[in-house]
Structures are given as structure tokens and as C-alpha cells.
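Asks: could you look at this predicted model? Sequence included:
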Amino acid sequence: MSDLNQATLTAGDKSVALPVLKPTLGNDCADISKLTKETGLFTYDSGFTATASCKSAITYIDGDKGVLLYRGYPIEQLAEKSSFIEVAYLLLNGERPGADQLKAFEAELSKEATVDDSINALIGSFGKDAHPMAILAASIAQLSAKYHNSLDLNDAAQRYQAAVRLIAKLPTLAALIYRHGKGLNLNAPDTSLDYVSRFLKQTFESADGKYDLNPNIVKALDVLLILHADHEQNASTSTVRGVGSTGANPYASVAAGVTALWGPAHGGANEAVLKMLEEIGTADKVEDAVAKAKDKNSHFRLMGFGHRVYKNFDPRAKIISVMTQKVLAELGVNDPLLEVAVKLEQAALQDDYFVARKLYPNVDFYSGIIYKALQIPTELFTVMFALGRTPGWVSHWLEQQTDPEMKIVRPRQIYTGSPVRDY
Ligand code: SDX
């Protein structure tokens, strides 16, 4: 943060004073909301690389330093000391819960964990080879139909209840989608268990309800969900905010966020990383892959590398890479793809192309290897990302609904089409 309080933009014979807005942390922002009125100018910033879309108190990222804070708490401390449910509460409410508040929140999530038979029918109506993200988006859209007529968005309690319902039902949807793909019975969540155990049991239990919970797996998954819980104005969260800005209901806004997350440039990268590692196959093919990733004529990119904001290590990737070795050792899994990933990371981090562009491993680079060790199929990886990200999405939606400066999202454009012409 600088001591700059005003920026001046000179446009021809006009000079416009732009107020400079001060954040708690991070870059100062020139407020250009009056620019067009005073100069007739628009600004152009494809992909909004330098444009703040809102004010938010939820998450802060310092891309140069590789810092990630949820409500001010460093991600490293939350990953080590907190739980996914405590982090979800923190993101939603701004403060960590006391013991009673946490207990009540967990009870609320258990109560809301079940879904109607109509969801089972919807999931069951998809082909066995349907991509889980398509089914997830449709299932959440179905929730928007179920809760639409009774939802008064002017009522804070109903807004909060919608947020809690989405956090509560995502694991159930993920488990049902997995079981549908495997041709297994569509079962109900065991609400006597904690959030992560409930998800694992519902996903993997045998037809007669048997599943041995491994505390190492529960803990590993809990940490992975913490690491995915929020990430300020990423593409899917911006989509949730964009849809939410029109007054659409939160289930519809989150369904839109799911479809945005699906793309391989965003949350779909975790699935793409595993496919890339399988394509490379062995460590001796890594050099070729790095060369291909640098070749502009090939459309090949190193999936799981690079980030719009992090120009240093993604702190989540650092934690996940340490976890990967630990979880695979605990599970006695020896995955040759881990060796390929480690070799690929080493090769890229020593290569000028990647160093010059500050391309480091991101959250998606190693997560797939852990999910695979947890027996989660590749095509479900991005559903796992959505499961983790739901508290972030709904927290941003809630924050937006009471933001006095919120306006409907409606960017302008540079028109490059035909001048006016007669028909
Ligand atoms: C997530 O925003 C978030 O916070 C997202 C996320 C979250 O938690 O919500 O962190 C989750 O989406 C992580 C990112 C997952 N995506 C991938 O791993 C896909 C591979 N990475 C890229 O496609 C890319 O790095 C992006 C999409 C992540 C970022 O793209 P940018 O910021 O628009 O950067 P760019 O495409 O303009 O690239 C800058 C340069 C280009 O080269 P030059 O034109 O300068 O010569 O870097 C090159 C790019 O070609 N480049 C890569 C590369 N990523 C960027 N080259 C090879 N491999 C890559 N992975």
C-alpha cells in the first residue's frame, strides 16, 4: 500500500483526478467509476488482470510472496490446526467458531445433508459415462428449483440457510454421482459421522453399508478441502458473483460456478494434470513434455503450472506436495506418476521459459495424485474441487448480497464490428 491518495489521468486536454482506494492489504486501486462520464473513455483489461470487481473481506492473496489468508489466517496455519468445517464457518461468518457454535454448525450440516429422491432420479437419468461435473451442475440447478419459490433473498436467515444447505449437500451429491458412475446403489449419508467421514462412507461403502474409515485418509481429505475452500475472485467465484448480482437464487449462482470451475484452465486442471502425467508415462519422457509446453505451435501446456495471481509458489501446492509423499507412504501406495510429477516440476523450475514467466506448480499439480491414492477416479477430481470450494462460493455470494456498492455485473466492450449500414 502506497501513500498515493489520488491518481491523475490526462486524456487530451482533459485531466481527471481518480480517487485511490486503500485496501487493508495489497495494491491500491484507482477508482475509475467516474472516468467515462468525465472523459468519454472506457478502460480495456481482457480477463480483468488488473481490475478489482468488488470489495471483499474474505480472502487475501499476495501473488508475489505466495501468501494466502482466509479472513486473515495464513493457509499454512489453517491446514495444520483447523478443520474444513471450522474453515467453512470462518469463511461464512468472518470469525472462528467457539466450541458450541462449531457443534451447532456441524449439527446443521448433518441435518441438511440429505437430498430428495428427485435428485437420485436426476442423477440416475444420466448415462454412466456422463462427466460428473455435468451431473453436479444439473443437480445443483435442481436444488434451485426445489428451493426457489420459498426463498426470500431479503431475509438474511434464509440467505444463510441456503449457504449452509449447499455446503451440507455437496458431499452427498458428489457421493451419489460417484456411485451412479460405478453402477452402485444410490444411498443416503450416515449423519452420525463427521462431514468428511460421512462423504467417504457414502461414496465407498458396499451395498450392505460396510466401509472401514481410515483416519489418515479422513485427515488428508480434510486438509485438501481446506486448501480448496476459497481463493478470492477466481473465475468460478467471479461467475457466482456475476450470476448473484442479477438477483438469481444462490443455488443457480453456484451451479454457474460449477460450470466455470469445470474448464481445464481452472478447476478442471486437476483432472487434466493426471491425464498429462499418464500421457508422459515415465520420467525419461519429461524433457520432451517440457519442450512441447514451450513450443507455441503446440497447444500443449503443462497443466497444473502457472497462475494468474501467484508469480511465486502457490502455497497450497507446497502443502499438497509434502502431503502427497506422506499420504502415499501411509497408504503404502507406490504411484510411478509421482516420480513423473516430481521430475516435471524440477525440469520446469530450472527452465528459463518457466522461470522468466514465473510459472510454478499450482494447487492442481499434485492434488490429483492424492485423490488417485484415495481411490477417487480422475473424472471426479474437479467435483472434489467444487466440494472444497463451495464454502468460498457461498461466502462471496452472501457478502455480495449485503454490499451497498453491489451493481449488476455488466462490462462494456470495444466494438470491432461493421459500421452502420442499410439492409
Ligand atoms: C486454478 O484464479 C485462481 O485463483 C484459480 C485457482 C483457484 O483456487 O480458484 O487457483 C485454481 O484454476 C489454478 C490454475 C489451474 N490451471 C492450470 O494449471 C492450467 C495451466 N495453466 C495455464 O493455462 C495458465 O497458467 C493459467 C490459466 C493458470 C493462467 O493464465 P494467465 O494468467 O492468463 O497467463 P497467460 O495464459 O497469459 O500466460 C502467460 C505466459 C504465456 O506465454 P507468452 O505468451 O508470454 O509467451 O505464460 C505461458 C503462456 O503461454 N504459460 C504457460 C503455462 N501457463 C502460462 N506455458 C506453458 N504451460 C503453462 N501451464
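Replies: Received the coordinates, thanks.
Asks: got a list of what whatever residue of the stretch 1-150 of the chain ends up closest to the ligand touches?
Replies: Closest approach between the stretch 1-150 of the chain and the ligand, counting by Cβ to the nearest ligand atom: residue 47, at 5.9 Å. Yep, even glycine has a C-beta here, placed from its N, CA and C like the rest. For residue 47, the contact set (Cβ atoms under 8 Å, 6 or more residues apart in numbering) comprises residue 308.
Asks: mean confidence (pLDDT) on the lengthiest strand in the chain, please.
Replies: In the chain, assigned by DSSP state E, the strand with the most residues is strand 14-21. Regarding strand 14-21, the rounded mean pLDDT is 94.
Asks: which of the residues in that strand are buried?
Replies: Within strand 14-21, the residues that qualify as buried are 16, 18, 20, counting by 16 or more other Cβ atoms under 10 Å.
Asks: list the beta-bridge partners for the last one.
Replies: Pointing back at residue 20 there. Using DSSP bridges, the bridge partners assigned to residue 20 are residue 30.
Asks: surely residue 294 meets residue 348?
Replies: No - with contact defined as Cβ atoms under 8 Å, residue 294 does not reach residue 348; the gap is 9.5 Å.
Asks: of the two, which one has the most company?
Replies: Neighbour count, other Cβ atoms under 10 Å: between residue 294 and residue 348, residue 348 has more, with 24 against 17.
Asks: that one: what's it in contact with?
Replies: Residue 348 makes contact with 290, 293, 302, 305, 354, 359, according to Cβ under 8 Å, 6+ apart.
Asks: the nearest residue in space to residue 286 that is not next to it in sequence sits in which helix or strand?
Replies: Nearest in space to residue 286, with sequence neighbours left out and distances taken as Cβ to Cβ, 6 or more residues apart in numbering, is residue 343 at 4.6 Å. Element membership for residue 343 (DSSP states H and E) is helix 336-349.
Asks: list the contacts for residue 241?
Replies: Contacts of residue 241 by Cβ under 8 Å, 6+ apart are 53-54, 233, 253, 396-397, 400, 409.
Asks: name the element it belongs to?
Replies: Per DSSP H and E: helix 235-244 holds residue 241.
Asks: ok, then the element right after that helix?
Replies: Counting by DSSP H and E, the element after helix 235-244 in chain order, helix or strand, is helix 250-262.
Asks: what helices or strands is that following helix leaning on?
Replies: helix 132-148, helix 156-181, helix 235-244, helix 381-401 (3 or more Cβ pairs under 8 Å, 6 or more residues apart in numbering; DSSP states H and E).
Asks: kindly format the C-alpha coordinates of the helix holding residue 343 as CSV.
Replies: This file holds the C-alpha atoms of helix 336-349, laid out as CSV (Å, rounded to 0.1, in the frame of the first residue of the first chain):
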residue,chain,number,x,y,z
PRO,A,336,5.0,-44.0,-10.7
LEU,A,337,3.2,-40.9,-11.7
LEU,A,338,4.5,-39.2,-8.6
GLU,A,339,8.0,-39.7,-9.8
VAL,A,340,7.0,-38.2,-13.2
ALA,A,341,5.4,-35.2,-11.4
VAL,A,342,8.4,-34.5,-9.2
LYS,A,343,10.7,-34.8,-12.3
LEU,A,344,8.4,-32.5,-14.3
GLU,A,345,8.4,-29.9,-11.5
GLN,A,346,12.2,-30.0,-11.2
ALA,A,347,12.7,-29.7,-15.0
ALA,A,348,10.3,-26.8,-15.4
LEU,A,349,11.7,-24.9,-12.4
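Asks: can you start the count at 46 instead of 1 from here on
Replies: In the new count, where the first residue is 46, that last one comes out as helix 381-394.
Asks: touching the ligand at all, that helix?
Replies: No - judged by Cβ under 6 Å from any ligand atom, helix 381-394 makes no contact with the ligand; its nearest approach is 8.2 Å.
Asks: could I get the buried residue list for that helix?
Replies: So for helix 381-394, counting by 16+ other Cβ under 10 Å, buried means 382-383, 385-390, 392-393.
Asks: pLDDT of stretch 376-387, averaged?
Replies: Here the average pLDDT along stretch 376-387 is 94.
Asks: any idea how far that stretch is from the chain center?
Replies: Here stretch 376-387 is found 25 Å from its chain centre; the criterion is Cα atoms, centre = their mean, to the nearest Å.
Asks: with stretch 221-233 instead?
Replies: 24 Å.
Asks: buried residues in that stretch?
Replies: For stretch 221-233, using 16+ other Cβ under 10 Å, the buried residues are 221-226, 229, 231-232.
Asks: ok, residue 176 - contacts?
Replies: Contact analysis of residue 176 by Cβ under 8 Å, 6+ apart lists 307, 424.
Asks: spatially nearest residue to residue 450, not counting backbone neighbours?
Replies: residue 100 (6.7 Å).
Asks: quick check: phi and psi on the one you found?
Replies: Note on residue 100: its backbone torsions stand at phi -100, psi 140 [degrees, to the nearest 10].
Asks: do you know how far it is from residue 67?
Replies: Between residue 100 and residue 67 the distance, using Cβ to Cβ, to the nearest Å, works out to 11 Å.
Asks: any idea which helix or strand comes after the helix holding residue 388?
Replies: helix 397-401.
Asks: say whether the ligand is contacted by stretch 304-323.
Replies: Yes - using Cβ under 6 Å from any ligand atom as the criterion, contacts between stretch 304-323 and the ligand involve 310-312, 314.
Asks: buried stuff in stretch 140-155?
Replies: Buried residues in stretch 140-155, counting neighbours by 16+ other Cβ under 10 Å, are found at 142, 150-151, 153-155.
Asks: turn those into JSON lines, columns for secondary structure and pLDDT.
Replies: Output for the buried residues of stretch 140-155, formatted as JSON lines (DSSP: H, G, I helix; E, B strand; the rest coil; pLDDT from 0 to 100):
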{"residue": "142", "secondary structure": "coil", "pLDDT": "98"}
{"residue": "150", "secondary structure": "helix", "pLDDT": "98"}
{"residue": "151", "secondary structure": "helix", "pLDDT": "98"}
{"residue": "153", "secondary structure": "helix", "pLDDT": "98"}
{"residue": "154", "secondary structure": "helix", "pLDDT": "98"}
{"residue": "155", "secondary structure": "helix", "pLDDT": "98"}
